[in-house]
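Chemist: please find the sequence and the predicted model below.
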Amino acid sequence: MTAFLDTNVLIRHLTGDPPEPATRATAFLSTADELLLPDFILAETIYVLESFYEVPIEDVAQMVRSILAFPPIRTLDPALLLRSLEIYETHRIDYTEAYLIASAERAGVADVASFDRSIDRVATITRIEP
């Protein structure tokens, strides 16, 4: 079976909360042949783990790496997601900003237009404030 994967399945599996849906989520993941994981679902998963469950960045990063390494998981660009995760964890910036920076790097674009000063922590790009 091939299916797109939603955030709530990942959250239930990763947190065990609540127990009954978590058990079903884990069982589903263990029997799937191919699970398609859109980038925005991964970003939402990170956001929920950080904000609602207050999981530390290092633990979130490890959880996401385990998701991406899970054989049935398919993403459009795994290398981009791993680079985003590296920036997120190393520079301690929001994952969406890390994804933006990794996308700029991948595209060979040196400038990112943003008001977010946390981007300045990453030396590979230059933030341009409008």
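Modeler: Done, it's in.
Chemist: use CA for all of it now, contacts and neighbours both
Modeler: Fine.
Chemist: pretty sure Ala104 sits against Ile119.
Modeler: No. Contact between Ala104 and Ile119 fails when scored by C-alpha atoms under 8 Å: they sit 11.8 Å apart.
Chemist: tell me how many other residues crowd Ile101.
Modeler: Ile101 has 27 neighbours, counted by other C-alpha atoms under 10 Å.
Chemist: how many residues are close by the closest residue to Asp120 other than its chain neighbours?
Modeler: Leaving aside its sequence neighbours, Asp120 sits nearest to Arg127 (C-alpha to C-alpha, 6 or more residues apart in numbering; 6.3 Å). Arg127 has 20 neighbours, counted by other C-alpha under 10 Å.
Chemist: secondary structure class for Thr26?
Modeler: State at Thr26, reduced to three classes by DSSP: H, G, I helix; E, B strand; the rest coil: helix.
Chemist: for the closest residue to it other than its chain neighbours, give me its contacts.
Modeler: Nearest residue to Thr26, sequence neighbours excluded (C-alpha to C-alpha, 6+ apart): His13, at 5.2 Å. His13 sits next to 22-23, 25-26 when contact means C-alpha atoms under 8 Å, 6 or more residues apart in numbering.
Chemist: now the residue nearest to Asp120, which residues is it bridged with?
Modeler: Following DSSP bridges, Arg127 is listed with bridge partners Val112.
Chemist: which ones are touching it?
Modeler: Residues in contact with Arg127, defined by C-alpha under 8 Å, 6+ apart, are 111-114, 117, 119-120.
Chemist: Glu89 now?
Modeler: Applying C-alpha under 8 Å, 6+ apart, we find Glu89 in contact with 57-58, 61.
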